[in-house]
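J.: Need the 3D shape of this:
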Amino acid sequence: MTVELEQQLASVPLLAGLEPKVRHRLAEIGKRRTYSADEAIVREGTTGTALYILLTGRARVEQDGKQLGELSAGDFFGELALIEEHPRSATVIATEETDCLLFPAWEFTALLEEHPEVALPILRVLIQRLHRSEHHGA
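T.: As a prediction, the model looks like this:
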């Protein structure tokens, strides 16, 4: 857990409002992974076991081979893996070299129990996604 990683986490909108000690804990438990361009980060139909935050790079989201959207630094996905153990609903593919921070569901759940304030920004984004889906079909 470097100071650089903690600074990166402070710039992620999802985590920006959290206290530094909570971001420090996230830096400790997160697993950093780099994906090459065109490498699948997660695949539709596989079991979700982690939350992913893009630290650098870009990725596209596909479902049944159709592009649904794009992700860039600061975006996250896989949050439903924290709640339920269902197959992933989409594939996420790096479109350029992309660094992600992965939070295994069991470790992130323990962090949520210790610091429930972490759940609020996730809930806000989930609500935005549901609203967009309901009103725009996206």
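
J.: Tell me where the model's unsure across this structure.
T.: For the chain, residues meeting the criterion pLDDT under 70 lie at 1-2, 81-82, 133, 135-138.

J.: Is Leu15 in contact with Leu26, as I believe?
T.: Yes - taking contacts as C-beta atoms under 8 Å, Leu15 lies within contact range of Leu26: 6.7 Å. The way it works is simple: take the backbone N, C-alpha and C, and place the C-beta from them, glycine included.

J.: Now do the shared contacts for these two.
T.: Counting by C-beta atoms under 8 Å, 6 or more residues apart in numbering, the contacts common to Leu15 and Leu26 are Leu9, Val118.

J.: Which parts of this structure are helices?
T.: Counting by DSSP state H, the chain has helices at residues 3-10, 20-29, 105-114, 119-136.

J.: Next, the residues that contact the longest one from outside, please.
T.: In this case it means helix 119-136. The contact list for helix 119-136 (C-beta under 8 Å, 6+ apart) reads Pro13, Leu14, Leu15, Gly17, Leu18, Phe76, Glu79, Leu82, Leu112, Ala138.
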